[in-house]
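# Give me a 3D structure for the following:
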Amino acid sequence: MADESFFDIASKMDMQELNNAINQAEKEIMTRFDFKNSKSSIAVEKDELVIVSDDEFKLQNVMDILHSKMAKRGISLKNLEYDKIQPASSQTVRQKVKLKSGIDQDNAKKINIMIRDSKLKVKSQIQGDQIRVSGKSKDDLQQVIQLLRKADLPLDLQFLNFR
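Residues are numbered from 1 along each chain as shown. As a prediction, the model looks like this:
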């Protein structure tokens with residue numbers, strides 16, 4: 001095992017950057033004229049965002065502002081899962097957005113199959129919500145990384161612990 005190289009595939013969100021993007025979005029909402037006297041807000045509750053606004057149109061504008069701030073900070077929008085828009089108290093609407101973290105079993109199996117079908121001399125195994133890929137050649141491991149970056153997967157992947 002000492003002469004084998006490996007890396008881990010993970011999918012996680014940088015919560016500090018997300019908080020910074022939310023703070024920037026809230027500052028922009030407070031200063032924009034079209035949100036004057038609006039009850040719009042963005043809050044983080046455990047592993048989800050709760051976005052509240054006056055109506056669906058303003059809620060969509062709040063989402064657009066948040067998306068632009070997240071994109072500027074390098075946070076992928078693939079890790080967001082949207083619930084339905086619900087009516088909330090005092091004539092407002094609310095939408096919950098789940099923050100996906102980790103690679104679920106279905107996507108882990110898809111990634112394993114993609115790696116196996118690539119015919120590269122590497123082994124991959126699922127370890128909880130991560131996948132470890134190991135092989136003798138670092139070039140093969142880098143080809144796996146390129147393969148997964150080009151693949152259209154529903155998650156944002158990070159490649160960690162390349163050794």
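
# how close does the residue nearest the centre of the chain get to Leu160?
Most central in the chain under C-alpha atoms, centre = their mean is Asn79, positioned 2.4 Å from the mean C-alpha point. Separation of Asn79 from Leu160 (C-beta to C-beta, to the nearest Å): 16 Å. All C-beta spots, glycine's among them, are computed from the backbone N, C-alpha and C.

# So which elements touch the host helix or strand of Gln86?
Per DSSP states H and E, Gln86 falls inside strand 80-88. Contacts defined by 3 or more C-beta pairs under 8 Å, 6 or more residues apart in numbering; DSSP states H and E place strand 80-88 against strand 92-99.

# Could you pull out the buried residues of the strand it packs on?
In terms of neighbour count (16 or more other C-beta atoms under 10 Å), strand 92-99 has its buried residues at 92-95, 97, 99.

# same question, stretch 119-137
Buried, per 16+ other C-beta under 10 Å, within stretch 119-137: 120, 122, 124, 130-131, 133-135.

# Greatest separation within those: which pair is it?
Within the buried residues of stretch 119-137, Leu120 and Gln130 form the most distant pair, 19.2 Å apart (C-beta to C-beta).

# Surely Glu48 and Gln95 touch.
No: with contacts counted by C-beta atoms under 8 Å, Glu48 stays clear of Gln95, the gap being 10.2 Å.

# which other residues reach stretch 91-107?
If you take C-beta atoms under 8 Å, 6 or more residues apart in numbering as the criterion, stretch 91-107 is touched by 9-13, 18, 39, 47-56, 59, 63, 78-88, 111, 126, 128-131, 153-155, 157.

# if we can go back for a sec, quick one: contacts for the residue nearest to the centre of the chain?
Per C-beta under 8 Å, 6+ apart, neighbours of Asn79: 11, 13, 99-101, 155-156.

# Let me know the closest of these to Arg32.
Using C-beta to C-beta, Leu99 comes nearest to Arg32 of the contacts of Asn79, at 25.1 Å.

# Walking through this structure, point out its strands one by one.
5-10, 41-45, 48-53, 80-88, 92-99, 122-127, 130-135, 158-160 (DSSP state E).

# Those strands into CSV, with extra columns for distance to Met30 and mean pLDDT?
Formatted as CSV, the strands of the chain follow (distance: least, C-beta to C-beta, whole Å; pLDDT from 0 to 100):
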stretch, distance to Met30, mean pLDDT
strand 5-10, 35, 86
strand 41-45, 10, 89
strand 48-53, 13, 90
strand 80-88, 20, 88
strand 92-99, 17, 90
strand 122-127, 44, 86
strand 130-135, 39, 88
strand 158-160, 33, 85
